[in-house]
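S.K.: My questions concern the predicted model and sequence given below.
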Amino acid sequence: MKAWQISLGAALVAFWLLGARAYATDVAVIESEMVVTAAWVAKNIPPETMVAAHDIGALGYFAPRNLLDLAGLVSPEVIPFIRDENQLALFLDEKQVDYLITFPDWYPDLTAGQPLVFSSQGKFAPPLGQENMSVFYWSAP
């Protein structure tokens, strides 16, 4: 019984420490990538602009714009072709998108050749194997 209690306590402490570290990393990435990008958008992109983004949380809060959600949460019409970059490109054109905001490695074909307007330069995403959140001017491929 005593061994069970000690094991349970040790597991609880270990998972608490792992969880705290994961939470701190998540917050660091969100702040240095999504929030920094949203702040840039708020200062540099007019409110009436149509923006397509995969991660709209910080944008919706800090820089409300006309948003097209590539993750499908508030734009469910993208769900049938969510990972089809050719179809997404046609959809962005159809919706007259002005800017595309994403991690470039999430949509390599969609971002290839698009003019880069801003990159967050956050220091937490690259060591995790991700590129920095970037803003691209959307032009038809």
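M.R.: Now that the structure is in, tell me what you want to look at.

S.K.: Name the residues of the helix or strand of the chain with the lowest mean pLDDT that are buried.
M.R.: Lowest mean confidence among the helices and strands of the chain (mean pLDDT, DSSP states H and E): helix 2-29, at a mean of 83. Within helix 2-29, the residues that count as buried by 16 or more other CB atoms under 10 Å are residue 29. (C-beta placed from N, C-alpha, C; glycine too.)

S.K.: Counting by contacts, list what the very next helix or strand once past it packs against.
M.R.: Downstream of helix 2-29, the first helix or strand assigned by DSSP states H and E is helix 36-44. Secondary-structure packing of helix 36-44 (3 or more CB pairs under 8 Å, 6 or more residues apart in numbering; DSSP states H and E): helix 57-62, strand 99-102, strand 116-119, strand 134-137.

S.K.: Relative to the whole chain's centre, how far out is the least confident helix or strand of the chain?
M.R.: Taking CA atoms, centre = their mean, to the nearest Å, the mean C-alpha location of helix 2-29 is offset from the chain mean by 27 Å.

S.K.: list the helices and strands that helix packs on?
M.R.: Applying 3+ CB pairs under 8 Å, 6+ apart, we find helix 2-29 packed against no helix or strand.

S.K.: Let's have the helices and strands packed on helix 36-44 in JSON lines, adding mean pLDDT.
M.R.: Formatted as JSON lines, the helices and strands packed on helix 36-44 follow (pLDDT from 0 to 100):
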{"stretch": "helix 57-62", "mean pLDDT": "92"}
{"stretch": "strand 99-102", "mean pLDDT": "96"}
{"stretch": "strand 116-119", "mean pLDDT": "96"}
{"stretch": "strand 134-137", "mean pLDDT": "97"}
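
S.K.: Ranking those by mean neighbour count, which comes first?
M.R.: Mean neighbours per residue, mean count of other CB atoms under 10 Å, is largest over the helices and strands packed on helix 36-44 for strand 99-102, with a mean of 24.
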